[in-house]
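J.: Quick one, fold the following:
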Amino acid sequence: MIDKELLDIIICPLTGDKLRLEGNKLINEKWGLKYLIRKGIPIMLIDQAELPEGVASVEELKKKIEAKRAKD
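T.: Below is the predicted model of the structure:
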């Protein structure tokens, strides 16, 4: 389990968004990235994150994020 204080400050290394705890994963609700927690340690490596459905690569997700941010 992740300490509440850590959960309050931990952010997605790709987007900077807050994460929420769900089971053994930290989830970026905005973009769908999921970071596994192994033995109580969050694995915050982008290349090991579970990608959202319909996204084939980290590069594809980065392009989607950049396009969305350019619109906003």
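J.: How about the contacts made by Asp3?
T.: Residues counted as contacts of Asp3 (Cβ atoms under 8 Å, 6 or more residues apart in numbering): none. Glycine gets a C-beta too; all of them are placed from N, C-alpha and C.
J.: What of Pro42?
T.: For Pro42, the contacting residues are Ile2, Leu6, Ile10, Leu26, Tyr35, Leu36, taking Cβ under 8 Å, 6+ apart as the criterion.
J.: how close does the closest residue to the first one other than its chain neighbours sit to Leu36?
T.: So that's Ile2. The spatial neighbour of Ile2 that comes closest, neighbours along the chain excluded (Cβ to Cβ, 6 or more residues apart in numbering), is Leu21 at 6.0 Å. Here the distance between Leu21 and Leu36 works out to 12 Å (Cβ to Cβ, to the nearest Å).
J.: And stretch 30-49, how far out from the chain middle?
T.: With Cα atoms, centre = their mean, to the nearest Å as the basis, stretch 30-49 stands 6 Å off its chain's centre.
J.: okay, the longest strand seen in the chain in CSV with CA atoms only?
T.: The strand spanning the most residues in the chain, taking DSSP state E as the definition, is strand 34-38. Written as CSV, here are the backbone C-alpha positions of strand 34-38 (Å, rounded to 0.1, in the frame of the first residue of the first chain):
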residue,chain,number,x,y,z
LYS,A,34,-1.5,3.2,-15.4
TYR,A,35,1.7,2.7,-13.3
LEU,A,36,2.1,-0.6,-11.4
ILE,A,37,3.0,-0.8,-7.8
ARG,A,38,5.3,-3.7,-6.9
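J.: next helix or strand past that strand?
T.: Counting by DSSP states H and E, the element after strand 34-38 in chain order, helix or strand, is strand 41-42.
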